[in-house]
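# Okay, here's the prediction I keep looking at, along with the sequence it came from:
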Amino acid sequence: MDNSYESLLNHIEGVVGSGRATISADDSNIVALVQETIRSGKPASFYLSRDQANTVRTWYWTPERVKRSGIKVVSNEEKDKIESELGIENIESFRCTRIQCESCGHLYGAFDFLQQGIRLHGADAVRAVFTLENATFLRSNPSLVAVCPNCNQLLSGGIEYDCDNYGGCCYPDPELRERIPESS
């Protein structure tokens, strides 16, 4: 058996042995599976090729969706703060939505989201996502509840994010669920 194939199977065996599944299919079937998962409202994590992730992005981030969601590229100031205080680099293309805390008025954004991610998953796990070279991590229909770092208030609404390495949280909200196109 070819060593690279054997190595791949060993990695798959490890993933499956940890209670997860792997799926192999052609690009169009993988993209269709991701699209259906987003439409269904079911949470799932996908590790996609760059081409697969870009196809999903093109389908999902329509100009209407971008406008309605309020997703914005992270400012240089916030990127600097993320790098210096959280130690996360390579976020050049990172963009996210923001949530205003109804209790204290704090605007929960990329820094807060990544800081909460570090508290939940650890710094190494969050940093690892931004160092992926061949894959893009995409989380559909997340269960994360944003928490205001100033007053610990649970924030309503979800945060969506996207960049080259981190495909982001994608979920259809009630107003847009019917308008997400059926096919790519």
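Happy to help now that I have it.

# okay, CA-based contacts and neighbour counts for the rest of this
Will do.

# Can you list the residue ranges for helices in the protein?
Ranges of helices within the chain are 3-17, 27-40, 50-60, 63-69, 76-81, 110-121, 123-129, based on DSSP state H.

# The ones you listed into CSV, with extra columns for mean pLDDT?
As requested, the helices of the chain are arranged in CSV below (pLDDT from 0 to 100):
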stretch, mean pLDDT
helix 3-17, 88
helix 27-40, 94
helix 50-60, 92
helix 63-69, 89
helix 76-81, 95
helix 110-121, 94
helix 123-129, 92
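
# export those helices to TSV and tack on distance to residue 160?
Formatted as TSV, these follow (distance: least, C-alpha to C-alpha, whole Å):
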stretch	distance to residue 160
helix 3-17	27
helix 27-40	13
helix 50-60	12
helix 63-69	8
helix 76-81	17
helix 110-121	10
helix 123-129	16
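
# out of those helices, nearest to residue 137?
Closest to residue 137 of the helices of the chain is helix 123-129 (C-alpha to C-alpha; 7.0 Å).

# Please name every helix or strand in contact with the closest one.
Counting contacts by 3 or more C-alpha pairs under 8 Å, 6 or more residues apart in numbering; DSSP states H and E, helix 123-129 packs against helix 110-121.

# For the helix it packs on, buried residues please.
110, 111, 112, 113, 114, 115, 116, 117, 118 (16 or more other C-alpha atoms under 10 Å).

# Could you identify the most distant pair in these?
For those, the farthest-apart pair by C-alpha to C-alpha is 110 and 118; their separation is 12.2 Å.

# who touches both of those two?
Common neighbours of residue 110 and residue 118, using C-alpha atoms under 8 Å, 6 or more residues apart in numbering, do not exist here.

# I'd say residue 49 and residue 137 touch.
No: Residue 49 is beyond contact range of residue 137, at 9.0 Å (criterion: C-alpha atoms under 8 Å).

# More neighbours: those two, which one.
The neighbour comparison of residue 49 against residue 137 (other C-alpha atoms under 10 Å) goes to residue 137, with 23 against 17.

# what does stretch 96-105 rub up against?
Taking C-alpha under 8 Å, 6+ apart as the rule, stretch 96-105 contacts 69-74, 106-110, 148, 150-151, 153, 155-162.

# Which members of those are classed as buried?
69, 71-74, 108-110, 148, 155, 158-162.

# Lowest pLDDT pick from those residues?
On pLDDT alone, residue 158 ranks lowest of the buried ones among the contacts of stretch 96-105, at 77.

# which residues touch that residue?
99, 144, 145, 146.

# out of these, what pair is the most spread apart?
Pairwise distances across the contacts of residue 158 (C-alpha to C-alpha) peak at 13.3 Å, for the pair 99 and 144.

# neighbour count winner among these two?
residue 99 (20 against 13).

# Quick check: the gap between the more buried one and residue 106.
Residue 99 sits 8 Å away from residue 106, going by C-alpha to C-alpha, to the nearest Å.

# How about residue 88?
According to C-alpha to C-alpha, residue 88 and residue 106 sit 22 Å apart.
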